[in-house]
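Participant: Sequence below, structure please.
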Amino acid sequence: MAQSTTAPPSTPTVLQFSSCPSNCSINNLTDNLLNEILCRLPCASAFQCKCVCKLWQSLISHPYFIRRFIHHHCRTSDHHHPLPFTLVLRFSYFYDNYRDDSKGEIHPKIHVVSENTAFQSNSFCLNFLPRFQSNSYWSQLPVVASWKDLLIIGSSQPQTVYFICNPLTRQWLELPPVPKYLSQRNTLVGFVLDGCADAQAEYCSVNVASAQFEYKLVCISDAGLGLAKRQSSASAWIFSSVIGEWSKSEVPLSLFNPRSVETEGTNGVAFKRMLHWINGKAILVYDPDSNNQFRSVVLPTSLRTTNARRLGVCQEHLCVTQLKPKQNGDCVTVWKLQDYNNNINNMGTWCLEFKPCLGEMVTVDSSRPFWYTPELLALHPYDGGVVYLRHRNHVYACNLQTKMLKMVTNEIVDQRVLPLVHPCWPTPVPSARSNSISPAN
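Facilitator: A predicted model of the protein is given here:
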């Protein structure tokens, strides 16, 4: 009988770490090699690595590393893996504060629905801002606007003051007080960078890495309109980082409808280096590069109603979402503005993208969640077929294509929601003349 000729198993190779050179340590790696390793980490992990040692803190904070990090992550991401985003569910009620019993302190808390792992706890605090380090149950949270991953916080007591902050890096900047008192509830607010397009590639610029770029904060108030019978314009206060102070401009009342401020929201949408607010029968536009700074974009006839409307940017287009109550079922429509640019002679063309009825929507368990008309919150910044609705203090993601509903949070939320789109690297808080930035904690 033939015998097996199988060779005996070979002895596995054992790595002898003791034979490694004595200088084989991560501390002995060159700066270039460390940069290549660290720039491949997720953003939150890279920020945490700043705490390892002074060398790593210096490397990660250097503009070269930031540019290298952005280049690597922007190159590896595409439309199939869009940047994460967060919906800021604004709170203004005393019972939404966070109490730290160990210190006997009460801090303002903001609830979010987020795809960013840094915000997966569904909330964050603004206790790093000096004016919100309050022990009062009645501390307010006037988060009035957003731009990319920056928040604009307003305070009206005793003066109207605005903060620019990044909730991830906890950097913040307090702007000089506005010369005139402005009510946060009835003031349109918008933040826009000068000289930057809205594409993802803007974060690859050296200006972002070094936190040196120009910006403007625009506040349009209806204060005093009811007192002056012959008043033909509203006041617009504009802060410019170039001169480091506020200037006053005028918005013709033919373009500005003060009655729609509370219902339509106050957050200005930055797109193509301009600010946009849905206001009455049109979209109010602020163009910092135009001599005639304010103009309007006419809405389609079906959007010129008092029904709930929300303005946003999706897939590099300006979009308007509307919720229309009907007897045979509430209807959600999404309109996209095609071929729109900053040429005053080309206002673009409106195209209807979706028009489904909410009665056709079902949840995962095939139940009917809406027993009355829900509230429209926001449009998904990447998927134009997904809108966010509020019903009975629950927030639902409504997919207009698949007709499916998914509850994303059961927290009590404000009707006006602010979007945050998180770039590859957190946007540094820009500086202003005669003001300094608080260091990140």
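Participant: rest of the way, CA atoms for contacts and neighbours
Facilitator: OK.
Participant: Need the single longest helix in the chain, by residues.
Facilitator: helix 63-76 (DSSP state H).
Participant: I'd like the next helix or strand past it.
Facilitator: strand 85-89 (DSSP states H and E).
Participant: Pull up the pairing partners for that next one, direction included.
Facilitator: For strand 85-89, the paired strands and their directions (DSSP bridges) read strand 109-114 (antiparallel), strand 417-421 (antiparallel).
Participant: So which of those is nearest M407?
Facilitator: Closest to M407 of those, according to CA to CA: strand 109-114, at 10.7 Å.
Participant: got the CA positions of the closest one in CSV?
Facilitator: Output of strand 109-114 as CSV, limited to C-alpha atoms (Å, rounded to 0.1, in the frame of the first residue of the first chain):
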residue,chain,number,x,y,z
LYS,A,109,-28.1,72.2,25.5
ILE,A,110,-28.8,71.9,21.8
HIS,A,111,-30.2,68.6,20.4
VAL,A,112,-29.2,67.4,17.0
VAL,A,113,-29.7,64.7,14.5
SER,A,114,-26.3,64.0,13.1
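Participant: out of the strands paired with strand 85-89, nearest to L59?
Facilitator: strand 417-421 (25.6 Å).
Participant: For the closest one, the averaged confidence score.
Facilitator: Across strand 417-421, the average pLDDT comes to 84.
Participant: Run through who's touching it.
Facilitator: For strand 417-421, the external contacting residues (CA atoms under 8 Å, 6 or more residues apart in numbering) are 83-90, 145-150, 267, 377-378, 381.
Participant: redo that, cut-off 7 Å
Facilitator: 83-90, 145-149, 377-378 (CA atoms under 7 Å, 6 or more residues apart in numbering).
Participant: Can you tell me which of these are buried?
Facilitator: Buried members of the contacts of strand 417-421, counted by 16 or more other CA atoms under 10 Å: 83-90, 145-149, 377-378.
Participant: Considering the residues you listed, which is situated nearest to P288?
Facilitator: When those are compared against P288 (criterion: CA to CA), the nearest one is W147, at 16.1 Å.
Participant: L337: how many residues sit nearby?
Facilitator: L337 sits with 20 neighbouring residues when counted by other CA atoms under 10 Å.
Participant: Who does it form a beta bridge with?
Facilitator: With DSSP bridges as the rule, L337 is bridged to L318, W350.
Participant: residues in contact with it?
Facilitator: 317-319, 348-351.
Participant: tell me which of these is nearest to R259?
Facilitator: Using CA to CA, the contacts of L337 come closest to R259 at C319, 21.8 Å.
Participant: I'd like to know which of the contacts of L337 are buried.
Facilitator: 317-319, 348, 350.
Participant: Report the two of those separated the most.
Facilitator: C319 and G348 (11.8 Å).
Participant: where along the stretch 151-300 of the chain do the strands fall?
Facilitator: Taking DSSP state E, counting those that start in this stretch, the strands of the stretch 151-300 of the chain run over residues 161-166, 171-174, 187-193, 215-221, 233-240, 245-252, 269-271, 274-279, 282-286, 294-298.
Participant: Give the pairing partners of the shortest one; include direction for each.
Facilitator: What it means is strand 269-271. When DSSP bridges is applied, strand 269-271 pairs with strand 274-279 (antiparallel).
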